[in-house]
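Asks: For reference, the sequence and a predicted model appear below.
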Amino acid sequence: MKKNKNSIELKKVNIIFLLFIFILCVLLIITSIGLILQFQRYAESTNQSTAISRAAIKLQEASDYLSEEARLFVLSGNPEHMDHYFLELNKHQRREQAISELKENTQNSKAIDYLEQALIESHNLELREYYAMKLVVEAKHFYNDPKVTVPDVVTQIHLYPEDAALNDEYKISKAWLIMFSEEYMDQKRTISDYKSKAMEEILDYSDEVLYKSYSALKNNFIKMVFCIGLIFVFNLGLFIVIIYFVIAPLYAHIRNIRSGNRLDNSKTKEFNILSDTFNEMFDKNAANELLLRHKAEHDELTGILNRSSFNQIKYVYLNSIEQISLIIIDIDKFKDINDTYGHSTGDMVLQRVANTLKDNFRTSDYVARIGGDEFVVVLTKCDDISATKKMIITKLEQIQRILAEKIENLPCVTLSCGIDFSSNGYNDRLYEHADVALYEVKKAGRNGFKFYSKEKEKNS
């Protein structure tokens, strides 16, 4: 074959072309590997954020649990609550574990300082709780009861002379005042403020990490598309292969990511690794989000809405134009059930009551457990008060009949219910009025229900 004048030039162009294609291919491989690694980093960042959220929930639950058990011991005088308090404080130590987990998952020194300050304030609050417990221990003469073990930290507390001189009844009253005083609540609020500031710092840090990871991920996507576009310009045949094996799966993944769906598998091994990594992260996030949301909104024992959800419902209907009704429900003599049959039976009674309330009220109504044996029902769409009253009476009578039937090893239970209506959504007076009606039912011997009456309140 004869060479023409352009042969060398063509050869140079061909060499340059092949070299350019080779460089693009190398860049494409590097970008693909970087994309997979970045997805893994993004998954790690997301898992870190989830761990932070779990630790924050654990920290709040542990703190609330200690306050609840201390208050229950002061209110009831039951030494089991004191045992639960110190079991959590000395053995389970969920607060310390949560703070340790938060420290492991964040490098924000300011957030750590806030957490440590919250823990210091929490320890200061414990001294107030120890003092209240000491008053109850002496008032109940638990030192003389061989069945009760009083922790050393409580024994070592020295009462003020004026408190030590009080009789048993006044000592218990003083303990109540301590645990429900404004100073106690101020300390609780201070602790909560420190924890809130720490979580804001931690979440900002987590958001920053996720944003950087997302930006790097986005840049890898852009680089890959750019490389593919250049390859298309220089080699139409290679571009067709890339469309089939790279671009099509890539855009499918982008559509799925933007739509919030899982990624589909493709015929390219790298993208299958990408899909598997993303789908694993997607499934974990979806499961964790569902678990955290359900746990935050529902009562763990009964499965119905909890106090937090009730507070959200109150906020939604706060001073709205919709007419609603509120029912406050207490299980009669629930403490006797626990004392006679045991706490496991008491738990089953709570579950039965919760299920009965949920099954008998409408799906548009909200049934929540807001305390140990205290439930509420928020009824919406109550425009016709007369018809709503009839419906409430019918449902409560039906519920009382169901609970009066003994099943398996569960005792029969009765309910005391207070009811009131509001023409402008939820307000504090609605709860107060329903509570007044509940008090009238209990005063009359329990096992019944009563609608709030303004005339009755004026006469009382």
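Replies: Thanks, I have the structure now.
Asks: after the worst-scoring helix or strand of the chain on mean pLDDT, next one along is what?
Replies: Within the chain, confidence by mean pLDDT, DSSP states H and E is lowest for helix 269-297 among all helices and strands, at a mean of 53. On the C-terminal side of helix 269-297, the closest following helix or strand by DSSP states H and E is helix 307-316.
Asks: List the buried residues in that next one.
Replies: Buried residues in helix 307-316, counted by 16 or more other Cβ atoms under 10 Å: Ser309, Phe310, Ile313, Lys314. Using the backbone N, CA and C atoms, a C-beta is placed for each residue, glycine as well.
Asks: Stretch 429-441 too?
Replies: Buried residues in stretch 429-441, counted by 16+ other Cβ under 10 Å: Leu430, Tyr431, His433, Ala434, Val436, Ala437, Leu438, Glu440, Val441.
Asks: So what does the fifth one have for phi and psi?
Replies: Val436 has phi and psi values of phi -60, psi -40 when expressed as degrees, to the nearest 10.
Asks: can I assume Ile99 is in contact with Leu115?
Replies: Yes: A contact is recorded between Ile99 and Leu115 when judged using Cβ atoms under 8 Å, the distance being 5.1 Å.
Asks: Between the two, tell me which one has more neighbours.
Replies: Under the criterion of other Cβ atoms under 10 Å, the comparison of Ile99 against Leu115 puts Leu115 first, with 27 against 22.
Asks: ok, the nearest residue to the more buried one once chain neighbours are set aside - contacts?
Replies: In space, not counting the residues next to it along the chain, Leu115 is nearest to Ala198; the distance is 4.7 Å by Cβ to Cβ, 6 or more residues apart in numbering. For Ala198, the contacting residues are Leu102, Ala111, Ile112, Tyr114, Leu115, Ala118, taking Cβ atoms under 8 Å, 6 or more residues apart in numbering as the criterion.
Asks: any idea which element the first one lies in?
Replies: Here Leu102, judged by DSSP H and E, is contained in helix 94-105.
Asks: Equivalent analysis for the second one, please.
Replies: In this structure, Ala111 is located in helix 109-140 according to DSSP H and E.
Asks: Could you list the buried residues of the helix or strand following that helix?
Replies: Sequence-wise, the next helix or strand downstream of helix 109-140 (DSSP H and E) is helix 152-155. Of the residues in helix 152-155, those buried by neighbour count under the rule 16+ other Cβ under 10 Å are Val154.
Asks: where exactly do the helices run in the stretch 351-460 of the chain?
Replies: 385-404, 428-443, 454-459 (DSSP state H, counting those that start in this stretch).
Asks: which helices and strands does the longest one pack with?
Replies: When you say that, I think you mean helix 385-404. Contacting helix 385-404 under the criterion 3 or more Cβ pairs under 8 Å, 6 or more residues apart in numbering; DSSP states H and E are the following elements: strand 324-331, helix 343-360, strand 415-422, strand 448-451.
Asks: Which of these sits closest to Leu19?
Replies: Between Leu19 and the helices and strands packed on helix 385-404, the shortest separation by Cβ to Cβ is 72.2 Å, and it involves helix 343-360.
Asks: what's Tyr85 in contact with, if anything?
Replies: With contact set as Cβ under 8 Å, 6+ apart, Tyr85 has these partners: Leu66, Glu69, Ala70, Phe73, Glu129, Met133.
Asks: at 6 Å what do you get?
Replies: Taking Cβ atoms under 6 Å, 6 or more residues apart in numbering as the contact definition, Tyr85 lies against Glu69, Ala70.
Asks: Over to the one 10 residues further on?
Replies: For Arg95, the contact set (Cβ under 6 Å, 6+ apart) comprises Leu59, Ala62.
Asks: For Ile30, see how far away Thr380 is.
Replies: Thr380 sits 59 Å away from Ile30, going by Cβ to Cβ, to the nearest Å.
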